[in-house]
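>>> Please work out how this folds:
(one chain, ligands or ions: 2)
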Amino acid sequence: MVEPHKIGEKLTYQILTYGCQMNVRDSEIISGLLANMGYEEQSSIEQADLIIFNTCSVRHSAENKVYSKLGQYTKLKKSRPHMIIAFGGCMAQLPEVIKKVKKMGVDIIFGTHNLHEIPYLVEKFRETNKKVIQVWQEHGEVIESLPSHRKEGLSAFVNIMYGCNNFCSYCIVPYTRGRERSRHPRDIITEVEKLAGSGFKEVTFLGQNVNSYGKGLSESFDFADLLMMADKVEGLERVRFMTSHPKDMSDKLIDTIANGNKLCEHIHVPLQAGSNKILRKMNRSYTKEHYLDLVGKMRERIPGVAITSDLIVGFPGETEDDFLETLDMVQKVRFDAAFTFLYSIRSGTKAALMGEQVDQAAKKNRLLRLNQLQYSIAAELNRGLEGSIQKVLVEGLSKTNEDKLMARTRNNRIVIFSGPKSLIGKLISVRITKGKTFSMFAETIGDQV
Ligand code: SAM
Ligand code: SF4
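Ligands and ions are numbered 1, 2, ... in the order given. Just a heads-up that it's a prediction; the model follows:
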């Protein structure tokens, strides 16, 4: 039995975040809201009074992970009945999921459009001990000035827009995140200035399609204009962004990145598939020829630019020949890195209703071959940088070896090297000694240490 929150009572929470950077950012806002209510973060989830699931529904595998963890914690709740389980994020926007998790013993369900209501929903549950289910199907106005609790002090995610209007036929995001709406540039730049003022060195602008930022604003202002403003923010060293849709990549944007000082030479511009037939069925609104032109332009105008991609194998109707066209595009473009996925049926999307679903064994075989090719290209590109001097921002300790430091080049390559912890947060030059598939090793040079 849960009781209403008493004055002075110390309560704790833990958030389980799944999926993309948008969810990471949403979890920072949820933390801020809970901190304002007097809740403290609890590192041991088994001890927390409130557990919040911030979920992802982009692929079946992401949903499975959530269900398995949720099963674990609803079981734990039997021995800790005062523990509250709240369930939100993209999965909570889907009626069939709400039905299922209600039965699993979740106490509170909230959606992607009403995060700001969490304090009210938690209090309501504590007062009534009855399930509270509040999921908005439509988004409201963009809400500014919500509290937020950012985890670290070097690199920050900044939402510049919400939702998506593209309706790629495989994708659930337009259904879970609603229509595209942009934040006002003044609000974004104020946030960036505050971050720079409090010691953040890098911001990453987030949007499902940052290239269409600004549509619907009262004044004429686009993503390139926003980047130019961010480039001038004092104290900031680097500006990153994701994701760019190939259909909306303008010459103005490419030139802006080329001319910026802080605008990093890394563009994540997902190709998804290499066959025009499949791109059309995916509703991506570009051809492989257009994509290759774009790559040519970006490489010509932005020296050293890294181009990365998302690729899906096994989309309905994808034949072996279609897949070979994806491999061919990977050969031609030579992506610096790529996230590769097995197509996953998302009910409610157009592709879920298409015939000719590809069988799982064929999908897995294609993914294996695609990864083999992409990994060999990434390793080759990284080996090509051996001996070069790179300017890197030192982000912290290496995740795989705490005796080493981890830094990133402007074009998003991970660099591992030995050095004192005092270098963390600094921009330094290193010499690359070894290029591997996912990272490079380096040594410090000169008298920086
Ligand atoms: N808005 C971004 C864009 O258009 O590139 C990406 C958003 S989505 C969260 C990230 C990636 O997940 C997509 O680029 C796509 O490759 C992949 N994805 C989305 N739906 C998928 C599905 N049903 N099956 C497999 N991969 C999917
Ligand atoms: Fe999904 Fe396409 Fe929108 Fe990206 S652009 S979120 S893949 S619908």
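
>>> what residues does the stretch 201-350 of the chain put near ligand 1?
208, 209, 243, 245, 270, 272, 310, 312, 341, 343, 344, 346 (C-beta under 6 Å from any ligand atom). C-beta: built from backbone N, CA, C; applies to glycine.

>>> Tell me the helices and strands packed up against whatever helix or strand residue 102 lives in.
Using DSSP states H and E, residue 102 maps to helix 95-103. Applying 3 or more C-beta pairs under 8 Å, 6 or more residues apart in numbering; DSSP states H and E, we find helix 95-103 packed against helix 60-79, strand 108-110.

>>> Which one, of those, ends up nearest to residue 393?
Closest approach to residue 393 among those (C-beta to C-beta): helix 60-79, 29.6 Å.

>>> and the helix or strand that contains residue 52 with ligand 1, contact?
Per DSSP H and E: residue 52 is located in strand 50-55. No. Residues of strand 50-55 are not located near ligand 1 by C-beta under 6 Å from any ligand atom, the shortest gap being 12.8 Å.

>>> quick check: angle from that strand to helix 60-79?
Interaxial angle of strand 50-55 relative to helix 60-79 (axes from the mean of the first three to the mean of the last three C-alpha atoms, to 10 degrees): 170 degrees.

>>> on that earlier part again, how far off centre is the helix holding residue 102?
Using C-alpha atoms, centre = their mean, to the nearest Å, the distance from the centre of helix 95-103 to the centre of the chain it belongs to is 25 Å.

>>> Kindly report the same for stretch 82-90.
With C-alpha atoms, centre = their mean, you get 21 Å for stretch 82-90.

>>> What mean pLDDT does that stretch get?
Stretch 82-90 shows a mean pLDDT of 94.

>>> and if you look at stretch 208-221?
Rounded mean pLDDT across stretch 208-221 is 93.

>>> Residue 179 is in what secondary structure piece?
Taking DSSP H and E as the definition, residue 179 sits outside all helices and strands.

>>> Who are the contact partners of the spatially closest residue to it that is not a sequence neighbour?
In space, and not counting its chain neighbours, residue 179 is closest to residue 163: 4.9 Å by C-beta to C-beta, 6 or more residues apart in numbering. Listed by C-beta atoms under 8 Å, 6 or more residues apart in numbering, the contact partners of residue 163 are 139, 174, 177, 178, 179, 180, 181, 208.

>>> among these, which one has the lowest pLDDT?
Comparing these by pLDDT, residue 139 comes last, at 78.

>>> Can you list phi and psi of that residue for me?
Main-chain dihedrals, residue 139, degrees, to the nearest 10: phi -80, psi 150.

>>> Go ahead and confirm it touches residue 113.
Yes. If you go by C-beta atoms under 8 Å, residue 139 and residue 113 touch, sitting 4.4 Å apart.

>>> list residues touching both of these two?
Joint contacts of residue 139 and residue 113 (C-beta under 8 Å, 6+ apart) are residue 178.

>>> Just the local confidence number for residue 37, please.
90.

>>> what's the residue nearest to it when sequence neighbours are not counted in contact with, if anything?
Leaving aside its sequence neighbours, residue 37 sits nearest to residue 119 (C-beta to C-beta, 6+ apart; 5.1 Å). With C-beta under 8 Å, 6+ apart as the criterion, the residues that contact residue 119 are 33, 34, 36, 37.

>>> go on, residue 341?
59, 310, 311, 312, 313, 367.

>>> and it, how far is that from ligand 2?
As for residue 341, its distance to ligand 2 is 11 Å (criterion: C-beta to the nearest ligand atom, to the nearest Å).

>>> repeat for residue 111
The gap separating residue 111 from ligand 2 is 17 Å, by C-beta to the nearest ligand atom.

>>> what do you get for residue 285?
Distance, residue 285 to ligand 2, using C-beta to the nearest ligand atom: 10 Å.

>>> and that residue, what pLDDT?
Residue 285 is assigned a predicted lDDT (pLDDT) of 95.

>>> excluding its backbone neighbours, what's nearest it?
residue 247 (4.4 Å).

>>> which of the residues of the stretch 201-350 of the chain next to ligand 1 has the most neighbours?
residue 312 (28 neighbours; other C-beta atoms under 10 Å).

>>> looking at this, it is in a strand?
Yes. In this structure, residue 312 lies within a strand as judged by DSSP: H, G, I helix; E, B strand; the rest coil.

>>> Test my guess that it contacts residue 168.
No. At 9.5 Å, residue 312 does not count as touching residue 168 under the criterion of C-beta under 8 Å.

>>> Overlap of the contact sets of those two?
Any residue near both residue 312 and residue 168 by C-beta under 8 Å, 6+ apart counts here, and that gives 272, 282.
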